[in-house]
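> with the sequence up front, the predicted model follows.
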Amino acid sequence: MFWLVLIAIVSSKLCPIYQCSGPLNNISNSQCIEKEGFTYTLGTCPEEYYSYCPPNESDAFCQLPPTPSDINVSYIGEPCVYDRNCFKSLCTDKVCTGFELNSTCSYTAQCNVGTYCGNGTCLALQGLGGDCASDFDCMNNLGCYGLVCVRYFSLGAGEKLENCENGLNYLCSSGACGVGASGDMFCLGNFSSVNAVPAMCSNDGDCLMNQTIFSEGYSSGCQCGYNEFGISYCALAPGDSDFVSFVSLMMQWVNGTQIKKCHTYSRTDLKCINQNANYSFAVELTYRYLLVTNYSQIQGNDDSMGVIISVGILLLASF
């Protein structure tokens, strides 16, 4: 224990400390988060109905679980009960349905699976080499690059990009992207972390990748974890095994046949994947995605903290 605390002090940036307990009784039986300085103590909610602990940067108390909105939660081709469930479409026989090929449209969200709205008409999604303004104009296994539909996972390291969200861009062969000091976005190669992962860190400089295309070392990023010692960890690099496993599964999805059942807007959404892919495959891909995007936060958790964080992450992913 002493050595872990010492390592945290020496190697980590200033991060909050998260620890678990039973019900917190010092203020109220309904309290589930207690903040003292940089320490957060998380407790259980003993009530059957008031069982939800709202995420908070201060004290929090158990309450009724929130009711998710059912408005505009499904794209065309996805399940529904009421018209209000469907985004820019109507619910017919418990499935959101839209406009047929060659129908007049105002938005791509109005057009049926396999089509998009171009020049006011629902048109067939563009094939390889077709003209496009966004990924959603292209077939579901293609993305838009330089106004042309290209294959996903086809761009090499250093290729410039127009977006990079959560360090992911499926146009890149590695599935990973980065943002330079000037704000320019580009594909990363299959660079692995210099240090063995999981790696503790005190700053981004501790999280360098093995790469040669950048004049200076490129970092996967140092992020605070949710652990009892306030230790920060390096995020995964695209060449690390867990990241590679995730990309391999996403490539299988993109190049498979089931993706054709998704509306162009939901081609890589976990919701559509879970509705259409083989169950075990969908579970594995979902797990790998959540692991990659929350890697730093879940390192060093004790068992109870791991359960709390895992449930929270899954709840967020389901909304």
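Nice, I can see it. Numbers count the residues shown, from 1 in each chain.

> skip ahead from the helix or strand bottoming out on mean pLDDT in the chain and say which helix or strand is next.
Every helix and strand in the chain was compared by mean pLDDT, DSSP states H and E; the lowest is helix 2-11, with a mean of 43. Following helix 2-11 in sequence order, the next helix or strand is strand 17-20 (DSSP states H and E).

> buried residues, that following strand. List them.
Neighbour-count burial for strand 17-20 flags 17-18, 20 (criterion: 16 or more other Cβ atoms under 10 Å). For every residue, glycine as well, the C-beta is placed using N, CA and C.

> same check, this time on stretch 193-206
Taking 16+ other Cβ under 10 Å as the criterion, stretch 193-206 shows 193-194, 197-201, 204, 206 as buried.

> now swap in stretch 277-286 and tell me
277, 281-282, 285-286.

> those in strands, which ones?
Counted as lying in strands by DSSP state E, out of the buried residues of stretch 277-286, is not a single one.

> out of the buried residues of strand 17-20, which is nearest to residue 188?
Checking the buried residues of strand 17-20 against residue 188 by Cβ to Cβ gives residue 18 as the nearest, at 30.1 Å.

> the closest one and residue 39, how far apart?
Plainly put, residue 18 is 8 Å away from residue 39 if you go by Cβ to Cβ, to the nearest Å.

> redo the buried residues of stretch 277-286 as a markdown table? Include distance to residue 101 and pLDDT.
Listed next are the buried residues of stretch 277-286 as a markdown table, based on distance: Cβ to Cβ, whole Å; pLDDT from 0 to 100:
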| residue | distance to residue 101 | pLDDT |
| --- | --- | --- |
| 277 | 26 | 96 |
| 281 | 30 | 97 |
| 282 | 29 | 97 |
| 285 | 30 | 97 |
| 286 | 32 | 96 |
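
> please enumerate the helices of the stretch 151-300 of the chain.
241-254, 270-276, 279-293, 295-298 (DSSP state H, counting those that start in this stretch).

> if we can go back for a sec, and of the buried residues of stretch 277-286, the nearest to residue 63?
Closest to residue 63, out of all of the buried residues of stretch 277-286 and judged by Cβ to Cβ, is residue 286, at 27.2 Å.

> ok, and the closest non-adjacent residue to the closest one?
residue 270 (5.5 Å; Cβ to Cβ, 6 or more residues apart in numbering).

> where does the stretch 151-300 of the chain have low pLDDT?
For the stretch 151-300 of the chain, the stretches flagged by pLDDT under 70 are 215.

> what about the strands in it?
Along the stretch 151-300 of the chain, counting by DSSP state E, counting those that start in this stretch, strands occupy 160-161, 177-179, 185-187, 200-201, 222-224, 232-234.

> of all these, which one comes closest to residue 34?
Nearest of those to residue 34, taken as Cβ to Cβ: strand 222-224 at 18.8 Å.

> residue 57 belongs to a strand?
No: going by DSSP: H, G, I helix; E, B strand; the rest coil, the assignment for residue 57 is coil, not a strand.

> thought it was touching residue 33?
No: counting by Cβ atoms under 8 Å, residue 57 does not reach residue 33; the two are 9.0 Å apart.

> quick one: which of those two has more around it?
Between residue 57 and residue 33, counted using other Cβ atoms under 10 Å, the more crowded position is residue 33 (20 against 9).

> now do the contacts for that one.
24, 40-43, 53, 56, 58-60 (Cβ atoms under 8 Å, 6 or more residues apart in numbering).

> again, only using 6 Å
Each residue near residue 33 by Cβ atoms under 6 Å, 6 or more residues apart in numbering is listed here: 42, 56, 59-60.

> determine which two of those residues are furthest apart.
Farthest pair in these, by Cβ to Cβ: 42 and 59, 11.3 Å.

> looking at these two now, which is surrounded by more residues?
Set residue 42 next to residue 59 and count neighbours by other Cβ under 10 Å: residue 42 wins out with 19 against 16.

> distance check, that one against residue 31.
Distance from residue 42 to residue 31, by Cβ to Cβ: 10 Å.

> which SS class is residue 91?
strand.

> run a quick neighbour tally on the closest residue to residue 157 other than its chain neighbours.
Among residues not flanking residue 157 along the chain, residue 189 sits closest, at 3.2 Å (Cβ to Cβ, 6+ apart). For residue 189, the count of nearby residues is 22 (other Cβ under 10 Å).

> could you measure from residue 189 over to residue 206?
Distance, residue 189 to residue 206, using Cβ to Cβ: 21 Å.

> centre of the chain versus the longest strand anywhere in the chain, how much separation?
Identified as the longest strand of the chain according to DSSP E is strand 31-36. Taking Cα atoms, centre = their mean, to the nearest Å, one finds strand 31-36 lying 28 Å from the centre of the chain it belongs to.

> sounds good, over and out.
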